[in-house]
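Student: Requesting a structural model of the entry that follows:
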Amino acid sequence: MDIVKYLQKAGYTTVQRSFYSKISEWISWYIGNVRKFHRYRIYNGKNYVNCRRLSMGMAKKLSEDIADLLLNEKVQITIQDTNTHEFVMQVMEDNNFWVMGNEYQERKAYTGTAAYIPYLEAIEISESGEIMREGQVKINFVSAEDIYPLSWENNCISECAFVFYKTIETKNYAQIQIHKLEGEQYIIENHVVECTSGAGREVPPENWGTLKAFSGLSPRMETGSSERQFVIDRLNIVNNYSKDNPMGIAIFANSIDVLQGLDTIYDSYINEFVLGKKRIFVAPEMLFADPLGNPAFDPNDVTFYQLPEDSLKDGGKPITEIDMNLRSDAHEKGINDNLNFLSVKCGFGQNHYRFDNGSVQTATQIISENSDMFRSLKKHEIVLRSVLEELICIIARLGQKLNIQTDPESEIVIDFDDSIIEDKQAERSTDRTDMSMGVMRHDEYRAKWYGETLEEAQKNLPEQNQVIE
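Tutor: Modelled structure (predicted):
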C-alpha cells in the first residue's frame, strides 16, 4: 500500500516518497541481499549466467555494535521522585524495554529513525471523566519505514503518522495512527485500511468490531495535553539526502561504496578457494581395476577428473596435477583496508575491525577520550538522552491518568556507563584525588558513581560527610 499517497489524499504532507526507497535500500544492505548487486548476471561468452555475490554482512555488524554501545544492560536510569521511578521502571519491565529498546537501537542504526509510542490499554472512562476500568501503559515500537512525519521544525517532528500492519484471516490490514495538534492539545486518530494486494480500501469504524485486532480501537482520542505522546529517536548524523528532511539516516548511509568494495573482495576471496581447489586429471586408461575388482582411484573422490578418450595421444600425460596458487594475502589486505575505511566513515575510528583467519574481529582495547569513537558515541548519546527523558515524562503523564501519584517534572539522571570505551578505574581514582584536594564534593562523587541524583547522594552520605548548603 502507498502510505504517502493515502496521506496526501487526506490532506497531509510528508517527506518525499523517494526517501522511503532509500530506506528500503539500507534495509537490503542490512539483510545482505541488494538487488542488482548481490544478485546479478554475467555473460560467459555464450549465455548470461545468474550469479550470487557473497556478503560479509558488515551493515548488520555496524548496526549491532552501535546499538550495544548506546543502550545496554549497564545503562542506569534514576528518577528523583520514588513513586515515579518505581512506576516507570515497572512499565519498562512489563514492555520488555531493555530487550526491545536495544533491538530498536539496531533498527535505528540501519533505517535511520525509530519511534516509541506509549499508550493506555484496556482503560474505560465515564462521561464524567472517572476511570471505570483501570488499564496499563503499553509501548509501541516503530522503525523508519513505518514513520511518516506530517509537520516539523528544526528537525523536531511535532505531528506524525505511524503504520502498524496486521494479518487477519489471510487479509492484510494497515492501522494508520495520526498524532496531530488541534488547538492546545494532541489528538490521536486511527484509520484501518485493507491492503491485501494493494487494495487500499478503508474499513469503517463500525466494522472494526468484527476484526479481533482492532475491536478495542478508538477512531479518535483526545490526550488533553499539549505535549506529544510519541518520541522520535535518530542517530545524531546530518541527513544529507535532503536538507529539509527530519528523518535520520543509516549509520552506513554514506559508506555504500565501501560496503560494495568489501563484498566484492570477500566474494573474490571465497571464489579463490573454490576455483583454486586442487584437481588431478587422469586418463581413462589409468582408471583400471585390480584382479579383485578394486578400482585404482576412488570414483567418489571429486579431486580426480577423467579426461576424454585418446587423451594420451600426441604426448599427453596419463596423470596431470593442477594446484593453483591462492592470493589469500592480497585479498586479506584488500578486505582490511576497506574495513578500516568503513570503520572511520561510520565513526568507530581506525582499526576497529580486522579480518583475520576468515572472520571479522572487533577491537576490545580501551579507547581514549580523544578518539573518534568516543566523540562519536557521545554525540549519539546527546539525542538518546533526550529521547529517554521524554519517554519517561510521557509514561509518567499516563500514570497520572491511572490515578498514580507520578511527577513528570521530576529530575532524571541517565548514566550510559561508557566503561566499554573508558578506563573507569583511572577516572574514579582521579575523582578520589579531587575529593581529597577539596576540588570535588563527596555528594558530587556519590551522585556520579552511584547513579543517584544530587539530593539522594546528600541523604545517603555518611553522617560525617553530610554537605551543608
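Student: alpha carbons only for contacts and neighbour counts from here, please
Tutor: Will do.
Student: For the closest residue in space to residue 120 that isn't next to it in sequence, which three-state class applies?
Tutor: If the residues on either side of it in the chain are set aside, residue 120 comes closest to residue 137, at 4.7 Å by Cα to Cα, 6 or more residues apart in numbering. Secondary structure state of residue 137, per DSSP: H, G, I helix; E, B strand; the rest coil, is strand.
Student: what residues are up against residue 137?
Tutor: Contacts of residue 137 were listed using Cα atoms under 8 Å, 6 or more residues apart in numbering, and they are 91, 118-121, 395, 398-399.
Student: Present those residues as CSV; the columns should include pLDDT and distance to residue 184.
Tutor: Shown next, in CSV, are the contacts of residue 137 (pLDDT from 0 to 100; distance: Cα to Cα, whole Å):
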residue, pLDDT, distance to residue 184
91, 95, 27
118, 95, 20
119, 93, 19
120, 90, 21
121, 84, 24
395, 96, 20
398, 93, 18
399, 92, 21
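Student: Could you identify the buried members of the residues you listed?
Tutor: For the contacts of residue 137, a neighbour count by 16 or more other Cα atoms under 10 Å gives the buried set as 91, 118-120, 395, 398-399.
Student: Which of these fall within helices?
Tutor: In helices, judged by DSSP state H, the following of the buried ones among the contacts of residue 137 are found: 91, 395, 398-399.
Student: what about residue 165, how many neighbours?
Tutor: 14 (other Cα atoms under 10 Å).
Student: Isn't residue 26 up against residue 111?
Tutor: Yes: taking contacts as Cα atoms under 8 Å, residue 26 lies within contact range of residue 111: 6.3 Å.
Student: Among those two, which residue is more densely surrounded?
Tutor: Shown here are residue 26 and residue 111; by other Cα under 10 Å, residue 111 has more neighbours (31 against 24).
Student: Quick check: phi and psi at the residue nearest to the more buried one when sequence neighbours are not counted.
Tutor: Counting by Cα to Cα, 6+ apart, residue 111 lies nearest to residue 250, which is 5.1 Å off, once chain neighbours are set aside. Backbone geometry at residue 250, expressed as degrees, to the nearest 10, gives phi -60, psi 150.
Student: so where's the stretch 51-200 of the chain shaky on pLDDT?
Tutor: The stretch 51-200 of the chain contains residues with pLDDT under 70 at 122-134, 198-199.
Student: can you give me the strands for it?
Tutor: Assigned strands in the stretch 51-200 of the chain, in chain order: 76-79, 113-121, 124-125, 131-133, 136-143, 147-153, 156-168, 171-182, 185-194 (criterion: DSSP state E, counting those that start in this stretch).
Student: what's the answer for the stretch 301-450 of the chain, then?
Tutor: 304-306, 319-322, 353-356, 359-362, 412-415.
Student: on that earlier part again, any common contacting residues for residue 26 and residue 111?
Tutor: residue 250.
Student: looking at this, residue 5 is in a strand?
Tutor: No: the assignment for residue 5, made by three-state DSSP, is helix rather than a strand.
Student: And it, how close does it get to residue 140?
Tutor: Separation of residue 5 from residue 140 (Cα to Cα, to the nearest Å): 24 Å.
Student: what secondary structure does the residue lying closest to residue 193 once chain neighbours are set aside sit in?
Tutor: Using Cα to Cα, 6+ apart and skipping residues adjacent in sequence, the residue nearest residue 193 is residue 202, 4.2 Å away. Secondary structure for residue 202, judged by three-state DSSP, is strand.
Student: show me the contacts for residue 202.
Tutor: Residue 202 makes contact with 191-194, according to Cα under 8 Å, 6+ apart.
Student: cutoff 10 Å now
Tutor: 173-175, 191-195 (Cα atoms under 10 Å, 6 or more residues apart in numbering).
Student: for residue 417, same thing?
Tutor: Contacts of residue 417 by Cα under 10 Å, 6+ apart are 69-76, 424, 449, 451.
Student: Which pLDDT value does the model give it?
Tutor: On the pLDDT scale, residue 417 is placed at 70.
Student: Would you quantify the distance from it to residue 236?
Tutor: From residue 417 across to residue 236, the span is 19 Å (Cα to Cα).
Student: now residue 338
Tutor: 24 Å.
Student: More neighbours: these two, which one.
Tutor: Neighbour comparison, residue 338 and residue 236: the larger count goes to residue 338, with 22 against 19 (by other Cα under 10 Å).
Student: So residue 242 sits against residue 155, correct?
Tutor: No: using Cα atoms under 10 Å, residue 242 is not in contact with residue 155; the gap is 11.5 Å.
Student: contacting residues for the residue lying closest to residue 331 once chain neighbours are set aside?
Tutor: In space, and not counting its chain neighbours, residue 331 is closest to residue 269: 5.8 Å by Cα to Cα, 6+ apart. Contacts for residue 269 (Cα under 10 Å, 6+ apart) come out as 54, 263, 326-332, 334-335, 358.
Student: Okay, and which of those residues map to helices?
Tutor: 263, 328-332, 334-335.
Student: In CSV, list the C-alpha atoms belonging to stretch 64-71.
Tutor: Written as CSV, here are the backbone C-alpha positions of stretch 64-71 (Å, rounded to 0.1, in the frame of the first residue of the first chain):
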residue,chain,number,x,y,z
GLU,A,64,24.6,-4.3,16.2
ASP,A,65,27.8,-2.7,17.6
ILE,A,66,26.4,0.9,17.8
ALA,A,67,23.2,-0.5,19.4
ASP,A,68,25.2,-2.4,22.0
LEU,A,69,27.3,0.7,22.8
LEU,A,70,24.3,3.0,23.1
LEU,A,71,21.7,1.0,25.1
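Student: That stretch: how far from the chain's middle?
Tutor: 9 Å (Cα atoms, centre = their mean, to the nearest Å).
Student: coming back round to it: show the buried residues in the contacts of residue 202.
Tutor: The neighbour count (16+ other Cα under 10 Å) marks 173-175, 191-195 as buried among the contacts of residue 202.
Student: For stretch 146-164, buried residues please.
Tutor: Buried residues in stretch 146-164 (16+ other Cα under 10 Å): 146-151, 157-163.
Student: now residue 140, nearest residue through space, not along the chain?
Tutor: residue 117 (4.9 Å).
Student: Relative to residue 139, how far out is that neighbour?
Tutor: For residue 117 relative to residue 139 (Cα to Cα), the value is 5 Å.
Student: of the two, who's got more company?
Tutor: Using other Cα under 10 Å, the more surrounded residue of residue 117 and residue 139 is residue 139, with 21 against 18.
Student: Who are the contact partners of the residue nearest to that one when sequence neighbours are not counted?
Tutor: Distances taken as Cα to Cα, 6+ apart put residue 118 closest to residue 139, at 4.2 Å, once the chain neighbours are dropped. Shown in contact with residue 118 (Cα under 10 Å, 6+ apart): 91, 95, 137-141, 229-231, 391-392, 394-395, 398.
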